[in-house]
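K.L.:
Return atomic coordinates for the entry below.
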Amino acid sequence: MADETIVEEPVPEIEGATPDWVVLPPDLKIPPGRVVAFLKFRAEWTDTPNNGDRQAVVWNLTDTDEKLALKRAASGDAMTIAGELGRQAIRAVDGVKVNWMLPNGPGSIDQFWREIGSKCRQMVTRWYTQNHMLTQAEQTDFFENCVVLRTMG
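P.N.:
You can find the predicted model right below:
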């Protein structure tokens, strides 16, 4: 059996379009020019299917976001770190702006994270990984055209 590598292509962007299933919180401030992703988790994929389909609004991390996530995951393994980085990218859940201080209730990232279950948490982590790395074509361009080595002195 041949080794098959799965190459994930980025999801095409449609400028300014919000899916009809997304509820944006009125107090969510999206930085100008920011590419935003809308993630829908079908009820049957979650650990709480009686809550219906779930949604999250995510965008790429800033360096400050990364520091916060890494601080939370300081004693964790690679999977814990990846999960915290993905979780940090979540800005709103189910139409409510994320509240990091709230252990339960609308906007609680902890409750949302528990309720979506492992299958959906993995998808958030995969979204994070895919959107925080250069594509294969971009990596090739970088190493072929953007790196120059010289022996100096």
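
K.L.:
what sits against the residue nearest to the spatial centre of the chain?
P.N.:
The centroid of the chain falls nearest to residue 128 when counting by CA atoms, centre = their mean (3.8 Å). By CB atoms under 8 Å, 6 or more residues apart in numbering, the contact list for residue 128 reads 58, 61, 82, 85, 86, 89. Where C-beta positions appear, they are placed from N, C-alpha and C, glycine not excepted.

K.L.:
The helix or strand hosting the third one packs against which elements?
P.N.:
If I follow you right, that is residue 82. Following DSSP states H and E, one finds residue 82 within helix 78-88. If you count contacts as 3 or more CB pairs under 8 Å, 6 or more residues apart in numbering; DSSP states H and E, helix 78-88 packs onto helix 63-72, helix 109-131.

K.L.:
With respect to burial, which of the ones you listed scores highest?
P.N.:
Mean neighbours per residue, mean count of other CB atoms under 10 Å, is largest over the helices and strands packed on helix 78-88 for helix 109-131, with a mean of 17.

K.L.:
and the helix or strand that comes right after it, how far from the chain's centre?
P.N.:
Toward the C-terminus, helix 109-131 is succeeded by helix 136-145 as the next helix or strand (DSSP H and E). Distance, stretch centre to chain centre, for helix 136-145: 24 Å (CA atoms, centre = their mean, to the nearest Å).
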